[in-house]
Structure formats: C-alpha cells, structure tokens
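Q: Just a sequence and a predicted model for now, questions to come.
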Amino acid sequence: MAEPEHLCPRDRTLPMSLDLLPSALLATILSRLDLRSLRFAAATCSSFRSAADHVLSFMPSFHFIEIAPTLDVLRPLMPPNPYLRSLKMDCRRLDDSAIRFLARASLHELCLHNCERLSGKLLSEIGSKCRDLRFLSLSSLAERRRLLILFSDLKELLRGCSALESLSLVFDISAFSHPEFAQVWAGASLKLTSLEIGYIPMTMLTELLESTVASRQPPHHVKPSIFPSLQKLCLSVDYITDELVTSISTGLVSLTHLDLQDSPIIEPATEMDLTNAGLPQINAHGKLKHLSLIRSQEFCFTYFRRVNDLGLLLMSDTCASLESICLGGFCRATDTGFRALLHSCSRLRKLRVSHGSQLTDLMFHDISATSLSLTHVSLRWCNLLTNLGITGLSSNTNLSVLDLRDCRKLGDDGLKALSSLSKLHILQLDSTDITDIGLSYLSSGTCPLISLSLRGCKRLTDKCISFIFGGTFGRFLQVLDLSRLPNLSDNGILSLAKSRVPILELRIRECPRIGDTSVMALASMQIEGGSYGSSLKVLDLFESGGITARAIQWFKKPYFPSLRWLGVTGCLNRDMVDALARSRPFLHVACLGEELGPGYRDVSAGWYRHEEDEMDEFEQWLLDGEDGIDDEDMLE
C-alpha cells in the first residue's frame, strides 16, 4: 500500500526506524526515566508506548505525589511488578478497592498521603503482604465517617512488618485503645529508628512507655527498652508533662531527635504539666541533637505557665550538644533564658521560638560574639522584636530560612539589614510593618530569594511588585504570597505578568481590589515561549473582591496547563466551578478557603525546581480513552 503523500520523508521513516530497534533496548533506555518522563516518552509514538508499558512491570519506584489518581487511572499504571521497591502516592481519590494495588509484597518503602477514604484494612493488608517493608508513612487514615479502624489492624501491621526502620502514622490512634496495646508494641521491629504518631492520648502513651522504666522485681532492675534502636520520636499528645519527658529521655537510650506537641483542652493542673523540674531531665543520655517542645493553642489559650528562665537555664546545662531547638508557648521565659540556650549550644544551626511574648532585641545584641552559625530561624509572634534585634540577627550570614511572621514592630530598617544575606532563600514577613521602601532595600541587595511571603502587610501597594521583580531576588522567586493586601490591585498583577518570571505558586487571596483582569493577565503570561500561564502550579484567589464567575473560563485549556491547585470563592457560579473540576480532574479546586498546595517546604534543600515540561500531554495520556467534557459545554 502506498504511503500517504502528505507525510514528509522523515515522517515516513521515523516509525520504521524505531520499530527496528530491539524492544529490550528501548525498555532499558526508558527504565532510566522517572514516571512522569516515562509517560511523556510514551506519548511520542507506538514503539515508545509499548516499551513504556513493559517498563512499568519492572520499574523499581513509583512516585505519584503531585496528582491524586483514581483507581481507573492507577490500574494500567501498576501492573504486577516483582521489582517495585518504593511507592509514594496521594490517595485522596482512592478507597479500599485500591488496597491490592498499594500493598505489594516487594515493597521496601511505602508513603501514602491523604488516606481518609481508606479503612484500617490497609494496615492489616500491609502487615500480611509487605514483610520486607523498611519505611512506612500513612496520613489521615480512615478520617471519613463510618470507616472502620480496629486494634487487630494495628496488631497485624506491627507483627507482620518485622523489618521496619521508620514508621509514621500521622492520624489519631486512640481508636486502637485495647488492653494489649503496649504488648503489641513490645513486639514491634527491633530495627525501628524513627517513630511518628499524629496523636496518642497520654493514657495510651504512658502504657506504651511503662516497659522502659525500672521494674520493682528485682530492685533496681531496668527492663530493656521496647525501642532499643529508636533515634527519632515525634508525638502529639494531650499534655506534655514532667513524667512524660523523663520517661522518654531515660527509657529511649539511643534518642537523638525528640519532637513533642500538645493541645490542652483545659488549663492543665501542676501534676499534668511541664515545669522547671522536668526540663533538666531531657537528654539523660546526652545524645539529643534536635529538641522540639510546642504547646498548641488549638483548643484554648494556654502556655507553659510553670516554666520560666530557671527551667531554660537548667536545660542549657544538659543540652549543650543540640543542633536544633523549637520552643513554642514558653511565654514566661525572657531574654535571659533564651540567651542561655544560644550561648550554651555552640553547634546550634536551627532555632524556632513561637509566642515568645517576652523575647526582645536583647536576645541578639551580642550574638556576633558567639561561634553560632544559624541557618534556619523562626521567631513567629515575638511582638517585642524590633529592627534593632533583626539587625543583630543578620550577623549570621549563613541564614537560609527566616520566618518573622507576626513580628509587628519589624519595619523597613530591618529589611535593609537582611538585604546583604547572600544565602537567604526563604523569607516570611506576614503582618509586619514594612512598606514598599523596605522591599526596595531587599531588591538592591544580594538575597537570592526563592520564597517570599508578605501576607497581611497592609502598607504595601502596587509598587511593591516592581521592587520584587526588578531586583536580584526576583529572578529566582518561585513562591510568592501577596494575600490580604488591601492596596494591591490588578495593576500590580499586570506588572507581575509582564515580568515573565517562572513563578510556581502565587497566593493573592482576600485582596479586595483583585479582579478578573488579574486572572486574564496570568492566563496570558508566557514564559520563554511556553504555553500561556505555563509555570503556575498553585493559584489562590479565594475571596478576592473583584473575581466573578467569568474568570472561570480562563482556567480551561490551554491556559494554566501546569495548575494543580486553584482556590476560588464558593459563591461563584457553582455549576461552572464543578464543570471545571470535572474537565480537569487533576486540578484540585478549593472553594471553602482552605490553604492550598503541598504546604511549607524548605526550598533551600532543593524541593523546588522549575520544570519546563508541561503537564497537558501527561494528563491526556492518563485520560486516554475516557470521555472528557467539552470546554465550550462547560462554559454554557
């Protein structure tokens, strides 16, 4: 049969050339690609598609975090594969019918996020099938109503996965309350080095730790720890108490990382609280490198009322080896206590203090005389800090991450001091007193910022955009939060679009002067000849005053091909919003004001990388063979 005349010679020979290549060779080449790149290759021709399908049966890792797949999408992507070792997935759209695809006998690493539609059966299936599992992380398991989660499920998991080295159960495990709770944990993997539990009541935790304290028969005999190799422990409890920190510190002999957070429902009594007497008991074995003690105010306004400077002074004597300190809710501690920690912990690199209501500039006035080289600092809700303290802090020229949210006395002079930090990648300035002039100081400095948050800085205007993207750091910026700026208008977003910076995340929620014009400008924004709006992955427009239902049409293809998270106001035309969500099933449309995106990530560690590839072809492959909704029908 004659070849079609409309094909050029190269078009006629290319398929034949690829067909002549051995399938084993194509499969070997494609096996070097990650999943996303593999599917792009599969979309180019039938030979690559056949080879890619074969590769799926022996690829060692399958990571599907950016997109939450349905079971129909997942089924062809996960054929039987005895070589699969690592599986990471967003399970937001999966239920128990997908468990057989998730619990694979060959797995060494399993990380499943947003498992609210999956029941406790997932635990038992993992325990019975994944005998060689080394790393397990599950979040939000069975959070949907009427989903069963039983003690027997946990029992099967701990007994079956006897080689676990890291276990993260980021959900409420109070449903596992049972007389044999501690006994089951006593049989957990002896290789466990890291344990994280989303929430565990004190009664269950006390029972769990009982086997690490001295036994009465015979006298002075100490039972071996149920976690002899545990180095990292992260827990959320009802109350942090002296008894708790003492039991953990003395019983877990290998601990290097301790992270405790509590959320009291009522003001705790003395015997149910952390006091000055408990802090010196931390780090009994002298191995601790990271310490985090946070009192959350989720349920009531409270703090560690029984800890003052004396407690921090005593703790500084036993924790000199700390490299990271996070303290939240120590409102009675002053500069004296915090400075004792700074001057004692010569290896300190990361410092976080939240709700430090008595922390002042004096904490940093002589920090340049110490040997400290801080890289990560967070001082949120420290309302007595001023520009003078931040100037002192800026003597740490290795600062990479700086969080000064809700430091309401911080102004433009503080930004002038920060402008010379040549390694600063993340800067959060929410609700500070800065103006456009302060951003001009940053713009003329040497900060290579990747992430900048200016939420609630009410004195900023449209001029701030020209300073942000006209300076040094604007060329690298990938994450920008301009929410709750009453003076930011469409003109400012037009300036942003004209800058052609490949920004990945933009939040402009609750800005009364932002309207449809801003959406049009962002949709039309081209980056280095790419598709319209090609770089944005997160766009939050919730409660922006001028956004109307007409803006929804700008989110149809080909606009915003990389967009994964979109925040809009729920009172917009609901039919149009729902139709948009159906036509772009991998776009998460949020209408209730929830925060968008994957959450805080340390971009200095390389989490963010600009990816020039667009996602449209990937989506098209995933949806191949399914009936889509026509964009024009959606907008009728």
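A: Arrived safely.
Q: count of neighbours near residue 116?
A: 17 (other C-beta atoms under 10 Å). Heads up, the C-betas are built off the backbone N, CA and C, glycines and all.
Q: check contacts around it.
A: Counting by C-beta atoms under 8 Å, 6 or more residues apart in numbering, residue 116 touches 92, 140-144.
Q: separation between the spatially closest residue to residue 521 that is not a sequence neighbour and residue 563?
A: Nearest non-adjacent residue to residue 521, counting by C-beta to C-beta, 6 or more residues apart in numbering: residue 497, 4.1 Å away. According to C-beta to C-beta, to the nearest Å, residue 497 and residue 563 sit 15 Å apart.
Q: what does residue 387 give?
A: Computed as C-beta to C-beta, the residue 387 to residue 563 distance reads 38 Å.
Q: who has more neighbours, the two?
A: Set residue 387 next to residue 563 and count neighbours by other C-beta under 10 Å: residue 563 wins out with 23 against 20.
Q: how close does the more buried one sit to residue 549?
A: 18 Å.
Q: now do residue 125
A: Taking C-beta to C-beta, one finds residue 125 at 44 Å from residue 549.
Q: Equivalent analysis for residue 127, please.
A: Remark: distance between residue 127 and residue 549 (C-beta to C-beta) = 49 Å.
Q: So, low pLDDT: which residues of the stretch 51-200 of the chain?
A: Scanning the stretch 51-200 of the chain for pLDDT under 70 picks out no residues.
Q: which residues of it fall in helices?
A: Using DSSP state H, counting those that start in this stretch, the helices of the stretch 51-200 of the chain run over residues 71-77, 99-102, 121-129, 151-160, 181-186.
Q: just the ones you listed: most buried one?
A: Ranked by mean neighbour count, the helices of the stretch 51-200 of the chain are led by helix 121-129 with a mean of 21 (mean count of other C-beta atoms under 10 Å).
Q: Go ahead and name everything in contact with that helix.
A: Helix 121-129 has contacts (C-beta under 8 Å, 6+ apart) with 96, 99-100, 102-105, 110, 112, 115, 133, 136, 138, 141, 148-149, 152-154, 156-161.
Q: go again using 10 Å as the cut-off
A: The contact list for helix 121-129, computed with C-beta atoms under 10 Å, 6 or more residues apart in numbering, reads 91, 94, 96, 98-100, 102-107, 110, 112, 115, 118, 133, 136, 138, 141-142, 147-150, 152-162, 169, 176.
Q: any idea which of the contacts of residue 116 is closest to residue 542?
A: residue 92 (19.4 Å; C-beta to C-beta).
Q: Please report how far the closest one lies from residue 585.
A: With the distance defined as C-beta to C-beta, residue 92 ends up 11 Å from residue 585.
Q: Same check on residue 397?
A: Relative to residue 585, and taking C-beta to C-beta, residue 397 is found at 47 Å.
Q: more neighbours, those two?
A: More crowded of residue 397 and residue 585, by other C-beta under 10 Å: residue 585, with 19 against 12.
Q: Give the helix, strand or coil label for that one.
A: Following DSSP: H, G, I helix; E, B strand; the rest coil, the label given to residue 585 is coil.
Q: That one contacts residue 93, doesn't it?
A: Yes - between residue 585 and residue 93 there is a contact at 8.5 Å, judged by C-beta atoms under 10 Å.
Q: can you give me how far stretch 537-550 is from the chain middle?
A: Offset of stretch 537-550 from its chain centre (C-alpha atoms, centre = their mean, to the nearest Å): 23 Å.
Q: Any buried residues in that stretch, and which?
A: By neighbour count with 16 or more other C-beta atoms under 10 Å, stretch 537-550 contains the buried residues 537-544, 546-547, 549.
Q: ok, now stretch 50-65?
A: Buried, per 16+ other C-beta under 10 Å, within stretch 50-65: 51-56, 59, 62, 64.
Q: So residue 163 versus residue 131, what's the distance?
A: Here the criterion is C-beta to C-beta. By it, residue 163 lies 7 Å from residue 131.
Q: my guess is residue 514 meets residue 547, correct?
A: Yes - between residue 514 and residue 547 there is a contact under C-beta under 10 Å: 6.9 Å.
Q: shared neighbours of the two, which are they?
A: Residues touching both residue 514 and residue 547 (C-beta under 10 Å, 6+ apart): 508, 541.
Q: ok, residues contacting the helix or strand where residue 312 lies?
A: In this structure, residue 312 sits in helix 309-318 according to DSSP states H and E. By C-beta under 10 Å, 6+ apart, the list of residues contacting helix 309-318 from outside reads 249, 274-284, 286, 288, 291, 293, 304, 307, 319, 322, 325, 327, 330, 332-345, 358.
Q: Just the buried ones from those residues, in ChimeraX syntax?
A: To isolate the buried members of these in ChimeraX, using 16+ other C-beta under 10 Å:
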select :249,274,275,276,278,279,280,281,282,283,284,288,291,293,304,307,319,322,325,327,330,332,333,334,335,337,338,339,340,341,342,343,344,345,358
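Q: got the contact list for residue 363?
A: Going by C-beta under 10 Å, 6+ apart, residue 363 touches 334-339, 341-342, 353, 356, 379, 382, 384-385, 389, 392-393.
Q: just to revisit the earlier point, got any residues that touch both of residue 585 and residue 93?
A: Contact with both residue 585 and residue 93 is made by residues 67-70, 73, according to C-beta under 10 Å, 6+ apart.
Q: Just the buried residues of stretch 29-42, please?
A: Per 16+ other C-beta under 10 Å, stretch 29-42 contains these buried residues: 30-31, 33, 35-36, 38-42.
Q: no wait, stretch 517-526
A: Buried residues in stretch 517-526, defined by neighbour count with 16+ other C-beta under 10 Å: 517-523, 525.
Q: Next step: those residues restricted to helices.
A: 517-523 (DSSP state H).
Q: Return the distance of residue 311 relative to residue 336.
A: With C-beta to C-beta as the criterion, residue 311 and residue 336 are 11 Å apart.
Q: what does residue 125 give?
A: Between residue 125 and residue 336 the computed distance is 54 Å (C-beta to C-beta).
Q: Repeat that for residue 84.
A: 55 Å.
Q: cool, residue 40 as well?
A: In this view, residue 40 and residue 336 are 59 Å apart by C-beta to C-beta.
Q: Check residue 381 too.
A: For residue 381, the distance to residue 336 equals 20 Å [C-beta to C-beta].
Q: check contacts around the residue lying closest to residue 597 once chain neighbours are set aside.
A: Excluding the flanking residues, the one nearest residue 597 by C-beta to C-beta, 6+ apart is residue 538, at 4.3 Å. Counting by C-beta under 10 Å, 6+ apart, residue 538 touches 479, 503-507, 562-567, 588, 595-598.
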